[in-house]
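Q: test case, fold it:
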Amino acid sequence: MKKKRNSRVQVLPIVREEGINVQKEFGKYLLDISKLVIGGAVITTALDLTANKNTLIIIAFCAAFIIGVGGFLVFTYKNKKL
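A: Coordinates of the predicted model:
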């Protein structure tokens with residue numbers, strides 16, 4: 001005769017999200033765009049696709065900085081009801 005195995009069943013709690021926080025997702029989106037701007041500038045410079053590399057890098061870093069700061073502001077500040 002076969003022995004009966006002892007088995008325990010563990011019940012895991014179900015975590016439900018209340019909804020999508022649009023402000024948080026938009027902040028993440030802006031941070032991703034700022035990373036892509038820097039990556040595009042670096043790749044363009046590495047492949048010698050432009051003649052004026054210094055200007056391209058300066059403009060790309062300035063744009064990425066502005067977009068990144070905007071992303072952090074949107075990501076960290078909560079919606080304030082007026």
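Q: which residues does residue 66 contact?
A: Counting by Cβ atoms under 8 Å, 6 or more residues apart in numbering, residue 66 touches no other residue. All C-beta spots, glycine's among them, are computed from the backbone N, C-alpha and C.
Q: secondary structure element holding it?
A: Counting by DSSP states H and E, the element that carries residue 66 is helix 53-76.
Q: who's in contact with the helix or strand where residue 34 lies?
A: Assessed by DSSP H and E, residue 34 sits inside helix 22-46. For helix 22-46, the external contacting residues (Cβ under 8 Å, 6+ apart) are 50, 53, 56-57, 59-61, 63-65, 67-68, 70-76, 78-79.
Q: and it, which residues are buried?
A: 27, 30, 31, 34, 37, 38, 41 (16 or more other Cβ atoms under 10 Å).
Q: and it, how far from the chain's centre?
A: How far helix 22-46 lies from its chain's middle: 8 Å, per Cα atoms, centre = their mean, to the nearest Å.
Q: could you check the pLDDT of the residue nearest to the spatial centre of the chain?
A: In the chain, the centroid-proximal residue (Cα atoms, centre = their mean) is residue 28; its distance is 3.8 Å. Residue 28 is assigned 92 on the pLDDT scale.
Q: any idea how far it lies from residue 37?
A: Using Cβ to Cβ, to the nearest Å, residue 28 is found at 15 Å from residue 37.
Q: likewise residue 45?
A: Residue 45 is 13 Å from residue 37, by Cβ to Cβ.
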